[in-house]
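Q: Quick one, what's the 3D model for this:
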Amino acid sequence: MLSNYLRLYNTVKFLKFEQIAYRLYYFSRNRIRTALGENYKFSKSAKVQTLKLQKSIHIRDVYLGKKKFEFLNLNKKFDSAIDWNFDKHGKLWTYNLTYFDYLSQSRDKDELLELIYSFIESIPNMKDGLEPFPISLRGMNWIKFLSYNHIRNQKIDDSLYAQYHILLDNLEYHLLGNHLLENAFSLLFGAYYFEDETFYLKSKKILNKELNIQILRDGAHFELTPMYHQIMLFRLLDCINLLKNNRWQNDDLLDFLIEKSELMLGWLEHISYENGDIPLLNDSTNGIAPHSLDLYAYAKRLNLTSRKILLSESGYRKIKKNSYEMILDVGEIGAKFIPGHAHADTLNFELRVKGRPFIVDVGLSTYETSQRRVLERSTKSHNTVECLGMNQSDVWGGFRVANRASIVKLDEKENYISAIHNGYKKLGCLHTRTWKFYNNRIIIEDNLSRRIKSISRLHFHPSVTKEDIYKYLLFDVENSSIKQYHYSPEFNTHLDAFVLEIEFEKEVNIEILI
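A: Next up is the predicted model:
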């Protein structure tokens with residue numbers, strides 16, 4: 001029991017006062033409103049402006065027609081009315097149902113309008129769909145759909161205006177991070193669509209503050225998850241599209257958003273592989289965010305150019321030779337006060353050889369609090385060293401991190417990176433990893449400051465065979481084993497693949513032949 005309280009303290013101590021204060025405020029306010037029988041209005045008289053927008057990005061088709069949807073590789077067909085509270089596939093699936101990203105699909109607009117009407121009729125009994133995060137995404141998607149198709153519909157507009165007032169009353173200051181940014185991006189769309197000065201001023205205030213905090217000096221989004229970086233950049237590009245093509249306000253916000261987007265483009269170009277794929281670091285997976293190549297093309301349509309940056313503050317590094325690309329993590333848990341998408345993966349790395357995945361991150365298959373979620377965030381599921389079966393950072397509860405590893409020394413030279421972390425300080429142990437890079441080989445040296453039972457793991461892509469492992473790696477065969485694990489390149493996807501485990505107590509060397 002005491003250990004649980006200690007873990008909770010070591011988690012909460014990193015939070016900002018603002019997060020704690022708003023949690024208490026929203027909890028108390030909602031209790032009082034419920035006792036008084038106060039409810040939100042679900043329709044509010046609105047006047048709108050049809051917006052001009054350039055072509056944006058559609059990610060994937062998730063509405064299959066005839067009330068059938070597929071999100072996170074799980075599908076559901078509603079035989080009668082759509083149940084907008086459907087939760088049998090988990091909360092994230094329900095969220096996706098209510099985001100309305102599928103309005104960008106090439107379908108008959110009347111068919112898509114029927115989905116909006118169905119949602120509006122269900123609002124009085126809505127659960128997850130009226131939370132601020134889905135309102136934010138839905139608001140942008142409805143506005144883009146209505147504007148692209150030149151639709152003026154008072155019932156939809158009045159409903160949407162009421163939803164935006166619910167959002168304004170429940171901004172996610174208790175979470176901060178990408179959630180609050182999504183709120184602000186959406187409020188900007190709402191401000192222009194309804195020509196609402198209150199929405200605009202609140203959005204601008206949040207964007208000016210949060211983008212300066214959340215976009216690091218090297219251009220990374222501070223939650224250090226490449227997938228979320230893509231999503232935040234996508235939102236920025238949509239907002240630039242909005243402001244460039246609609247001159248309702250005329251101030252410095254557009255220039256500010258362009259500056260941040262070009263910085264983020266620079267980071268994305270550095271961290272993405274040559275074909276535009278991202279490393280699946282932290283809570284990254286495929287099929288959710290726009291692909292990097294699509295983001296580059298969208299930025300080009302908006303006449304944006306990427307900034308030249310050096311990977312630094314994000315803690316990620318990329319080594320590129322003629323025949324391979326490696327992306328490695330020598331940074332801190334991010335972000336300090338909102339580490340929900342962080343994993344216990346210090347000194348982790350991915351490797352592509354001749355454009356093909358070779359050593360990979362295990363990936364992400366679920367956000368549901370479960371044993372699989374615990375496993376995917378653990379040190380055991382990353383290409384680094386695990387001591388005595390412990391996690392380097394205390395990841396727990398689905399989206400929590402208590403004590404976390406820190407880099408205590410970093411040495412970088414040409415073709416050489418060495419880093420030390422203190423994630424095992426409870427064991428009185430420091431872990432040093434050194435990478436040496438050559439044109440046709442990579443040497444990885446791990447050293448512990450004391451003798452302790454440890455395992456170094458390398459997770460291979462499903463296309464890599466046991467024969468490949470023995471052919472292209474030199475390692476201590478006597479103290480090693482090759483086992484199976486489940487690789488998850490997308491939600492709810494589990495592919496059989498091999499993991500190399502090398503047992504050691506003080507030091508171990510691995511050589512990869514390219």
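
Q: excluding its backbone neighbours, what's nearest residue 153?
A: Spatial nearest neighbour of residue 153, excluding adjacent residues (Cβ to Cβ, 6 or more residues apart in numbering): residue 146 at 7.1 Å. Bear in mind the C-beta positions are built from the backbone N, C-alpha and C, glycine included.

Q: residues contacting the one you found?
A: 50, 152, 153, 156, 157 (Cβ atoms under 8 Å, 6 or more residues apart in numbering).

Q: Verify the assumption that residue 410 is located in a helix.
A: No. Checked against DSSP: H, G, I helix; E, B strand; the rest coil, residue 410 lies outside a helix; its state is strand.

Q: helix, strand or coil for the nearest residue to it once chain neighbours are set aside?
A: Among residues not flanking residue 410 along the chain, residue 419 sits closest, at 5.0 Å (Cβ to Cβ, 6+ apart). Going by three-state DSSP, the secondary structure assigned to residue 419 is strand.

Q: thought residue 419 was touching residue 430?
A: No. Look at residue 419 against residue 430 with Cβ atoms under 8 Å: they stay out of range, at 10.6 Å.

Q: between those two, who's got more neighbours?
A: Counted by other Cβ atoms under 10 Å, residue 419 and residue 430 do not tie: residue 419 has more neighbours, with 23 against 17.

Q: Tell me the bridge partners for that one.
A: Residue 419 has these beta-bridge partners by DSSP bridges: residue 410, residue 433.

Q: residues touching it, list them.
A: 330, 347, 407, 409, 410, 411, 432, 433.

Q: pLDDT score assigned to the third one?
A: Read that as residue 407. Residue 407 is assigned 98 on the pLDDT scale.

Q: re earlier: separation between the residue nearest to residue 410 and residue 476?
A: Here the distance between residue 419 and residue 476 works out to 22 Å (Cβ to Cβ, to the nearest Å).

Q: likewise residue 345?
A: 23 Å.

Q: Which one of those two is surrounded by more residues?
A: Neighbours per residue (other Cβ under 10 Å) separate residue 345 from residue 476, with residue 345 holding more: 25 against 13.

Q: Need the nearest residue in space to that one, chain neighbours excluded.
A: Residue 345 sits nearest to residue 382 (Cβ to Cβ, 6+ apart), 4.0 Å away.

Q: Could you pull up the contacting residues of that neighbour?
A: 343, 344, 345, 348, 361, 362, 457, 459.

Q: now do 7 Å
A: By Cβ atoms under 7 Å, 6 or more residues apart in numbering, residue 382 lies in contact with 343, 345, 348, 361, 362.

Q: and it, what pLDDT?
A: For residue 382, pLDDT reads 98.

Q: how much space is there between it and residue 328?
A: 11 Å.

Q: tally of neighbours for residue 94?
A: Using other Cβ under 10 Å, the number of residues around residue 94 comes to 21.

Q: hang on, isn't it packed against residue 83?
A: No. Here residue 94 lies out of contact with residue 83, judged by Cβ atoms under 7 Å, at a distance of 9.4 Å.

Q: if we can go back for a sec, if I've got this straight, the residue nearest to residue 153 is in a helix?
A: Yes. Residue 146 forms part of a helix when assessed by three-state DSSP.

Q: how much space is there between it and residue 246?
A: According to Cβ to Cβ, residue 146 and residue 246 sit 14 Å apart.

Q: Now do the residue nearest to residue 410 against residue 161, distance only.
A: Computed as Cβ to Cβ, the residue 419 to residue 161 distance reads 52 Å.

Q: for residue 357, same thing?
A: Residue 357 sits at a distance of 47 Å from residue 161 (criterion: Cβ to Cβ).

Q: Do a quick rundown of the strands in the stretch 301-450 of the chain.
A: Taking DSSP state E, counting those that start in this stretch, the strands of the stretch 301-450 of the chain run over residues 316-320, 324-329, 349-353, 356-359, 385-387, 395-396, 400-401, 407-413, 416-421, 431-437, 441-448.

Q: Minimum distance to residue 125: which of those has it?
A: Closest to residue 125 of those, according to Cβ to Cβ: strand 400-401, at 31.4 Å.

Q: Tell me which residues are up against the closest one.
A: 11, 333, 339, 342, 393, 394, 395.

Q: Pairing partners for it, with directions?
A: Counting by DSSP bridges, strand 400-401 is paired with strand 395-396 (antiparallel).

Q: Would you list the buried entries among the contacts of strand 400-401?
A: 11, 333, 339, 342, 393, 394, 395 (16 or more other Cβ atoms under 10 Å).

Q: Grab the most central residue of this protein for me.
A: Nearest residue to the geometric centre of the chain (Cα atoms, centre = their mean): residue 228, 3.0 Å.

Q: I'd say that residue and residue 340 touch.
A: No. Using Cβ under 7 Å, residue 228 is not in contact with residue 340; the gap is 10.5 Å.

Q: Relative to residue 299, which of the contacts of residue 382 is nearest.
A: Looking across those and measuring by Cβ to Cβ, the closest to residue 299 is residue 361, at 26.2 Å.

Q: what's the closest non-adjacent residue to the closest one?
A: Spatial nearest neighbour of residue 361, chain neighbours left out: residue 280 (4.3 Å); criterion: Cβ to Cβ, 6+ apart.

Q: which other residues reach the longest strand seen in the chain?
A: Secondary structure of the chain per DSSP state E: the longest strand is strand 495-504. Contacts of strand 495-504 with the rest of the structure, by Cβ under 7 Å, 6+ apart, involve 454-462, 464, 466, 469, 475-476, 479-487, 508.

Q: No further questions, thank you.
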